[in-house]
Every structure is written in structure tokens, then in C-alpha cells.
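Undergrad: With the input below, show me the fold.
(chains A and B)
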Amino acid sequence: DGGITQSPKYLFRKEGQNVTLSCEQNLNHDAMYWYRQDPGQGLRLIYYSQIVNDFQKGDIAEGYSVSREKKESFPLTVTSAQKNPTAFYLCATSGQGNSPLHFGNGTRLTVT
Amino acid sequence: GNSVTQMEGPVTLSEEAFLTINCTYTATGYPSLFWYVQYPGEGLQLLLKATKADDKGSNKGFEATYRKETTSFHLEKGSVQVSDSAVYFCALSDSGLYGGATNKLIFGTGTLLAVQP
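TA: Numbers count the residues shown, from 1 in each chain, chains lettered A, B, ... in the order given. Next up, the predicted model:
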């Protein structure tokens, strides 16, 4: 059953701690993306990767880091430098050309 | 830069009512346009898309037509159901002036639709 798995669904952390969100896909898609969703603001692009071992900053990359060591995996680390980390984080993938994005079910991160 | 503007919600309708959610865009080049739907606690699912002017995307009774002259991509459905209650996002592909292969999407802020029985 092909798809995108984001884990965990809910994540709680104390302020000042780094936290890593997992995203795994078995769709054999080359491109992967991380979006952040906040109420009333839609989705904003954090980072994206079009190929293994390469990634690009999106519109709001500050305070985040990523890696793309394998085609199937694109973990996102929310660092202590991110000023407002509490949000819903969505991972997405896309195949060749102009094919549409496929989304995971998201991880809701709460930092207190 | 490129952007998407969609009507603010919430939109509250009775079952079987007609739905319109407005979406307009600003873009250079030749973007593709999309509507995504998000059910509570889930990620986004592609609802429909259109890749060039005058294309009509349709799925599950929803339709939207790519209007270049008015830079619009309004979502419509003739008769909504309670199960259509969700947040709807309009988006465009940030494909650049020459229609490059990137699939970066720019999203509107989303419109919450609540359908009452």
C-alpha cells in the first residue's frame, strides 16, 4: 500500500529542545517537501528536496534543518532557534514533471 | 511574486445547497492551478486540477475552470453534502516563467466549509 507516513501524529516538547519529525514514503517519488500549517495562514513551505543529497530552503526555513540521505526519507528537525515551533507539520512528495503533491497525515507539534 | 487569494470562511450551508468558493491568483508564467481538501486531523488530498487556460477540473461533483482573463479558479458544487465539510485550499504551482518542472505550490489560506443537515 503506497503512501507517506509521518510519525508521530502528536509530539510534545519543552522549549529549548530540538525535535525531529519523521517522513517516510514508498511512492518512489523524487521530490519531498515540508510545509507548516498555522490557523488562518494556510501552508508555508519550509524546505524541499528534488533529489537525494540535495535540498533547498523554502519561504520559512529559519530555525529548521533537514537531510535527504535516502530517497524514501526526509526528516525535519525543529531547532531551539525556531521562535514559534508549535504548529501542524505536513510532509509531501511529488513525482516527475508537473505531477500533483501527495501529503502525509501530518504531525502536530506542541512546544511548551 | 506569485500569490493566491481565496475567500475567507467559514462558509456555512445547508445540505443540497449550491457551493462557490472564490479563488484568484497572481502569477508570472503559466502556472497550474489546484484545489486541495483537508478533512479534520488529516493531510491534504488533491481534489482537482487544471493545467492551462479554459481547462475545467472536476471530481466528486466539484468543478473549477481556469480563467486566465479574470485570473480565477473558483470552486463550485451543485449540491453539497454533510460529508463535504472540510477545509478547501486553492493553490498554484510556482513553476516560473517557462513552466519549469518544480512542483512547489503556493497555497491560499484555506476556506472552512461547514454543511448542516
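Undergrad: For the longest strand seen in chain A, give the mean pLDDT please.
TA: If you go by DSSP state E, chain A has its longest strand at strand A:42-51. Mean per-residue pLDDT for strand A:42-51: 92.
Undergrad: Which secondary structure elements does it sit against?
TA: strand A:31-38, strand A:54-57, strand A:64-66, strand B:105-107 (3 or more Cβ pairs under 8 Å, 6 or more residues apart in numbering or on different chains; DSSP states H and E). All C-beta atoms are positioned from the backbone trio N, CA, C, and that covers glycine.
Undergrad: mind listing what's buried in it?
TA: Of all the residues in strand A:42-51, those buried under the rule 16 or more other Cβ atoms under 10 Å in any protein chain shown are A:42-50.
Undergrad: related to what we said a few turns ago, using TSV, please lay out the helices and strands packed on strand A:42-51 together with mean pLDDT and mean neighbour count.
TA: Listed next are those as TSV, based on pLDDT from 0 to 100; neighbours: other Cβ atoms under 10 Å in any protein chain shown:
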stretch	mean pLDDT	mean neighbour count
strand A:31-38	94	23
strand A:54-57	94	14
strand A:64-66	97	20
strand B:105-107	89	23
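Undergrad: With distance to B:Leu19 added, can I get those in TSV?
TA: Supplementary listing: these in TSV, determined by distance: least, Cβ to Cβ, whole Å:
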stretch	distance to B:Leu19
strand A:31-38	23
strand A:54-57	37
strand A:64-66	36
strand B:105-107	20
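Undergrad: So for A:Ser7, which of the ones you listed sits nearest?
TA: strand A:31-38 (14.2 Å; Cβ to Cβ).
Undergrad: Indicate each strand paired with the closest one and its parallel or antiparallel sense.
TA: strand A:42-51 (antiparallel), strand A:87-94 (antiparallel) (DSSP bridges).
Undergrad: in chain B, which spans are strands?
TA: B:3-6, B:11-14, B:19-21, B:23-26, B:33-38, B:44-50, B:56-59, B:62-65, B:75-77, B:86-93, B:105-107, B:111-116.
Undergrad: got TSV for those strands, with distance to chain A too?
TA: Formatted as TSV, these follow (distance: least, Cβ to the nearest Cβ, whole Å):
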stretch	distance to chain A
strand B:3-6	8
strand B:11-14	15
strand B:19-21	14
strand B:23-26	12
strand B:33-38	6
strand B:44-50	4
strand B:56-59	11
strand B:62-65	14
strand B:75-77	15
strand B:86-93	6
strand B:105-107	4
strand B:111-116	10
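Undergrad: hey, least reliable of the ones you listed by pLDDT?
TA: strand B:105-107 (a mean of 89).
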